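*Asks:* Curious how this folds, go ahead:
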Amino acid sequence: MIPKSVTPERIRQNIDVFDFELSAADMDAVAALDRGLRTGPDPDTLN
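*Replies:* The predicted model follows:
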């Protein structure tokens with residue numbers, strides 16, 4: 001999703017979305033979420 005706004009303050013807030021860093025522990029936690037399972041239809045057999 002691409003945020004949009006016409007209000008200057010909200011535009012600044014939208015730009016500041018990348019003002020954080022993930023630690024190595026955070027990255028490990030995200031990587032652990034991958035269980036190798038599909039959550040939607042298989043694109044190879046769709047239609």
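*Asks:* Look at Ala32 and report its pLDDT.
*Replies:* Per-residue pLDDT puts Ala32 at 94.
*Asks:* correction: Arg12
*Replies:* At Arg12, the predicted lDDT confidence score is 84.
*Asks:* so which strand or helix has it?
*Replies:* Secondary structure assignment for Arg12, by DSSP states H and E: helix 8-15.
*Asks:* Skip ahead from that helix and say which helix or strand is next.
*Replies:* Following helix 8-15 in sequence order, the next helix or strand is helix 24-32 (DSSP H and E).
*Asks:* Pull out the buried residues from that following helix.
*Replies:* In terms of neighbour count (16 or more other CB atoms under 10 Å), helix 24-32 has no buried residues at all. Using the backbone N, CA and C atoms, a C-beta is placed for each residue, glycine as well.
*Asks:* from the middle of its chain, how far away would it be?
*Replies:* The chain centroid and the centroid of helix 24-32 are separated by 14 Å under CA atoms, centre = their mean, to the nearest Å.
*Asks:* What lies in contact with it?
*Replies:* With CB atoms under 8 Å, 6 or more residues apart in numbering as the test, helix 24-32 has contacts from Leu22.
*Asks:* switch the cut-off to 10 Å
*Replies:* Applying CB atoms under 10 Å, 6 or more residues apart in numbering, the external contacts of helix 24-32 come out as Phe20, Leu22, Ser23.
*Asks:* Make TSV from those and add distance to Leu33 to it.
*Replies:* Formatted as TSV, the entries for those read as follows, by distance: CB to CB, whole Å:
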residue	distance to Leu33
Phe20	18
Leu22	13
Ser23	16
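*Asks:* Ile11: which of those residues is nearest?
*Replies:* For the contacts of helix 24-32, the residue nearest Ile11 by CB to CB is Phe20; the value is 18.8 Å.
*Asks:* what about that closest one, distance to Asp26?
*Replies:* Between Phe20 and Asp26 the distance is 10 Å, computed by CB to CB, to the nearest Å.
*Asks:* Which of the contacts of helix 24-32 ranks first by neighbour count?
*Replies:* In terms of neighbours by other CB atoms under 10 Å, the contacts of helix 24-32 top out with Leu22 at 10 neighbours.
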